[in-house]
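Peer 1: Below: sequence and its predicted model.
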Amino acid sequence: MMRKVRLTTAQALIKFLNQQYIHVDDKEFPFVEGIFNIFGHGNVLGIGQALEQYSGHLKVIQGKSEQGMAHAAVAYSKQMLRQKIFAVTTSVGPGSANLAAAAGTALANNIPVLFLPGDTFATRQPDPVLQQVEHEHSPIVTTNDALKAVSRYWDRVTRPEQLMSSLIRAFEVLTNPAIAGPATICISQDVEGEAYDFDEQFFEKRVHYIDRKLPTQREIEGAVQLIKDSKRPLIIVGGGAKYSEARDILMKISEKYDIPLVETQAGKSTVESTFKNNLGGMGITGTLAANKAALQADLIIGVGTRYTDFATSSKTAFQFETAKFLNINVNRMQAYKLDAFQVVADAKVTLEQLDLLLEGYKSEFGSTIAQLREEWLAERDRLSQVTFNRNQFEPEIKNQFTQEVLNEYADALDTELPQTTALITVNDCIEPDSSIISSAGSLPGDLQRVWNTTIPNTYHLEYGYSCMGYEVSGALGIKLAHPDREVYSLVGDGSFLMLHSELITSIQYNQKINVVLFDNSGYGCINNLQMENGSSSYFTEFRTHDNQILNIDYAKVAEGYGAKTYKVHTLDELKAALEDAKKQETSTLIDIKVLPKTMTDGYESWWNVGVAEVSNNENVQKAHESRMQKLQSAKQY
């Protein structure tokens, strides 16, 4: 007879989490590292009590914002190459609603994370409880239903015995490379405390095997033929290549067969920037070298990429009439994109098998790779030396603002520091093994273009969702993943204002992060988009009621939290701040005042965005006409 153990539903949950292991490439280790929490009604008396009694090896970390701590959990999993996770528990109502942005971030980026929001009463006896929404058409709809659209797996547990099958299904999703994403299990708050005689076997050690999916013979033969028939193949290194740990074989194939590498945001730092055949970022935020190579390519080999509009320049980056596509991806849906020949398999093992069958092949890129790379490095060097002139426009600076407005910003922020110059200085000054993180605004474009990595997996960009507020919270997640590294959150003032709550958590738990804040007093990226498409600058700058530029002392804000802070207006001040920050044991914030319109530009790329078809502004009319012309050359599926 099977032995039983009497536990509450929440206690059973925590005991189960402690016993989940993952097996990858002959290595076995616990899968769930810990659990972030903000306790409230709906989880404090259930999951809270269970953690107090049965936390086991789980690290329990108190967050400051549900969205913030969830972002930290997402970043942790991403940095650990999806091989370890944190769970996240919240109260009902607003607490669970605050998970939506982070859940969307995890889903868009295929990152496993376990969300455990509290829910209303299964019995419905005290309905409506505090923070419960009500619908005339159904009594079973709660705030947590909003999370269905941003979860890979979603369930509501209204009986203790339902927990067992729900958890097993959730962990299948969490440990499946093809469909990895957020799993949400909503447990009714009365059920969390309800006892049940669980099978003791349910709490035995459970190992989830991540076996590398092998390509079929048909897939390999087809891929080999496509490559051998091509003259100028190009490899796009996506996030899947990083998670597959395909660095060595990518470099081998690239060098052996003269095939250039270009990167997506998720794929950057799979292969370090210093590799001679790495042409850098691809697409709208890409380098001139990568975008030129893409237009020359007759075969695009997508390795673990989703082909987002930024990577493909809204499907205008390639010669679609002549180029063919070969996609290597563990996810069948992604492999089908752009009418590609599909290899539904692990990136690393597929590339290793291709290498064995391509002997004697050479692309015709040859010395072109080095020429394109040299041209781009010269451009990067120029960007590192951009200066601002108060008396006339410099060609390096976007001239959508008048000189008078740029001078106004220089006076208001007391700076003449261009963003690209400051960013490259940061790149040059921090230790090579440091991890950096960013997510939204103009910084991701600058970073994908000019940030050079010399050590793999040190570049962490969330650009599948480009979620503002991820940067500071995510830095905490990276620090938990790599406690021996310095971690730098590169964030704009707009994103910082949206969410930086976990800076406090980093100080509380002595997990040092460095926030490098680029303040240009506005949503600069969107201001560029607005003005480049014919509109005036309209509600994208940070100005007061009497039209004065806001000058916020972000250093003083972080100082109040307990961080070591620095105010920067010049390159010398920036270099000094970066050096001193390395010596600190607590979290730091460097408040850099930079001029707007001093970020990098598009480098022969195009972004398809909606432009008003009818307008009394002649410039908007021209922008719409230009968009319609560009659409004629874009692939439609």
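Peer 2: Cool, the structure landed. Numbering: from 1, shown residues only.

Peer 1: Tell me the secondary structure at Q511.
Peer 2: coil (DSSP: H, G, I helix; E, B strand; the rest coil).

Peer 1: so who does it touch?
Peer 2: If you count contacts by CB atoms under 8 Å, 6 or more residues apart in numbering, Q511 has them with 476, 479-480, 483, 505, 587. The C-beta positions use only the backbone N, C-alpha and C, and glycine is treated the same way.

Peer 1: Mind giving me the ChimeraX command for buried ones among those residues?
Peer 2: Here is the ChimeraX command that picks out the buried ones among the contacts of Q511, judged by 16 or more other CB atoms under 10 Å:
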select :476,479,480,505,587
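
Peer 1: any chance of the contacts of Q511 in TSV, plus secondary structure, distance to T425 and pLDDT?
Peer 2: As requested, the contacts of Q511 are exported to TSV (DSSP: H, G, I helix; E, B strand; the rest coil; distance: CB to CB, whole Å; pLDDT from 0 to 100):
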residue	secondary structure	distance to T425	pLDDT
L476	helix	25	98
K479	helix	23	98
L480	helix	28	98
P483	coil	26	97
T505	helix	29	98
S587	coil	21	98
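
Peer 1: Out of the contacts of Q511, the closest to N619 would be?
Peer 2: N619 has its nearest neighbour among the contacts of Q511 in L476, at 43.1 Å by CB to CB.

Peer 1: Is that closest one in contact with A73, as I believe?
Peer 2: No - with contact defined as CB atoms under 8 Å, L476 does not reach A73; the gap is 9.5 Å.

Peer 1: after the longest helix belonging to the chain comes which helix or strand?
Peer 2: Determined from DSSP state H, the single longest helix within the chain is helix 368-383. Elements were assigned by DSSP states H and E; along the chain past helix 368-383, the next helix or strand is helix 403-413.

Peer 1: low pLDDT regions in the chain?
Peer 2: 392-399 (pLDDT under 70).

Peer 1: centroid residue for it?
Peer 2: E462 (1.4 Å; CA atoms, centre = their mean).

Peer 1: which residues does that residue contact?
Peer 2: Per CB under 8 Å, 6+ apart, neighbours of E462: 74-75, 78, 105, 109, 437-439, 470, 474.

Peer 1: 7 Å - rerun?
Peer 2: When contacts are counted by CB atoms under 7 Å, 6 or more residues apart in numbering, E462 touches 105, 109, 439, 470, 474.

Peer 1: Near the residue nearest to L631 when sequence neighbours are not counted, how many other residues are there?
Peer 2: Nearest residue to L631, sequence neighbours excluded (CB to CB, 6 or more residues apart in numbering): N608, at 6.9 Å. The number of residues packed near N608 is 15, by other CB atoms under 10 Å.

Peer 1: What of G610?
Peer 2: 8.

Peer 1: Next: N144.
Peer 2: If we define neighbours as other CB under 10 Å, then N144 has 25 of them.

Peer 1: check contacts around it.
Peer 2: N144 touches 96, 117, 119, 156, 186, counting by CB under 7 Å, 6+ apart.

Peer 1: with those in mind, which one is nearest to I526?
Peer 2: Taking the contacts of N144 together and measuring to I526 by CB to CB, the closest member is S96, at 29.2 Å.

Peer 1: Next, format the contacts of N144 as TSV and append neighbour count and distance to Y554.
Peer 2: Shown next, in TSV, are those (neighbours: other CB atoms under 10 Å; distance: CB to CB, whole Å):
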residue	neighbour count	distance to Y554
S96	30	30
P117	28	32
D119	28	38
R156	21	41
C186	26	37
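
Peer 1: Out of the residues you listed, which two are the most distant from each other?
Peer 2: So for the contacts of N144, where distance means CB to CB, the most widely separated pair is S96 and R156, at 11.5 Å.

Peer 1: where along the stretch 251-400 of the chain do the helices fall?
Peer 2: 288-296, 309-312, 332-335, 347-357, 368-383 (DSSP state H, counting those that start in this stretch).

Peer 1: Against D119, how distant is the residue nearest to the centre of the chain?
Peer 2: 28 Å (CB to CB, to the nearest Å).

Peer 1: buried stuff in the longest helix of the chain?
Peer 2: Here helix 368-383 shows 368-369, 372-373, 376, 379-380, 383 as buried, counting by 16+ other CB under 10 Å.

Peer 1: so who does A241 touch?
Peer 2: Contacts of A241 by CB under 7 Å, 6+ apart are 250, 267, 270, 303-304, 347.

Peer 1: Count the residues that sit near the nearest residue to T274 once chain neighbours are set aside.
Peer 2: Once flanking residues are discounted, T274 sits nearest to T454: 5.3 Å by CB to CB, 6+ apart. A count of nearby residues for T454, using other CB under 10 Å, gives 12.

Peer 1: Next: T570.
Peer 2: T570 has 15 nearby residues by other CB under 10 Å.

Peer 1: how close does it get to P418?
Peer 2: The value you get for T570 to P418, if CB to CB is used, is 12 Å.

Peer 1: which residues in the stretch 451-600 of the chain form strands?
Peer 2: With DSSP state E, counting those that start in this stretch as the criterion, the stretch 451-600 of the chain has strands at 459-461, 487-492, 514-519, 564-568, 588-593.

Peer 1: How far off centre is the helix or strand F86 falls within?
Peer 2: Using DSSP H and E, F86 maps to strand 85-90. Centroid separation for strand 85-90 versus its chain: 18 Å, with CA atoms, centre = their mean, to the nearest Å.

Peer 1: residues making contact with the very next helix or strand once past it?
Peer 2: Per DSSP H and E, the first helix or strand lying C-terminal to strand 85-90 is helix 94-97. For helix 94-97, contacts defined as CB under 7 Å, 6+ apart pick out 38, 40, 66, 90, 117-118, 131, 143-144, 146-147.

Peer 1: Also stretch 539-550?
Peer 2: With CB under 7 Å, 6+ apart, stretch 539-550 has contacts from 408-409, 412, 521-523, 526-527, 530.

Peer 1: What's the end-to-end length of that stretch?
Peer 2: Taking CA to CA, to the nearest Å, stretch 539-550 runs 13 Å from one end to the other.

Peer 1: mind listing what's buried in it?
Peer 2: 540-542, 549.

Peer 1: Please apply the same query to stretch 338-358.
Peer 2: Buried, per 16+ other CB under 10 Å, within stretch 338-358: 338, 340-354, 358.

Peer 1: rewinding a little: can you tell me which of the contacts of N144 end up in strands?
Peer 2: Among these, DSSP state E puts 117, 119, 156, 186 in strands.

Peer 1: Which member of the residues you listed is positioned nearest A297?
Peer 2: P117 (45.6 Å).

Peer 1: So the closest one sits against I187, correct?
Peer 2: No - here P117 lies out of contact with I187, judged by CB atoms under 7 Å, at a distance of 8.3 Å.

Peer 1: circling back to that earlier point, okay, the buried residues of helix 368-383 in JSON lines with distance to V487 next?
Peer 2: JSON lines is the format used below for the buried residues of helix 368-383 (distance: CB to CB, whole Å):
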{"residue": "T368", "distance to V487": "37"}
{"residue": "I369", "distance to V487": "33"}
{"residue": "L372", "distance to V487": "32"}
{"residue": "R373", "distance to V487": "29"}
{"residue": "W376", "distance to V487": "27"}
{"residue": "E379", "distance to V487": "29"}
{"residue": "R380", "distance to V487": "24"}
{"residue": "L383", "distance to V487": "25"}
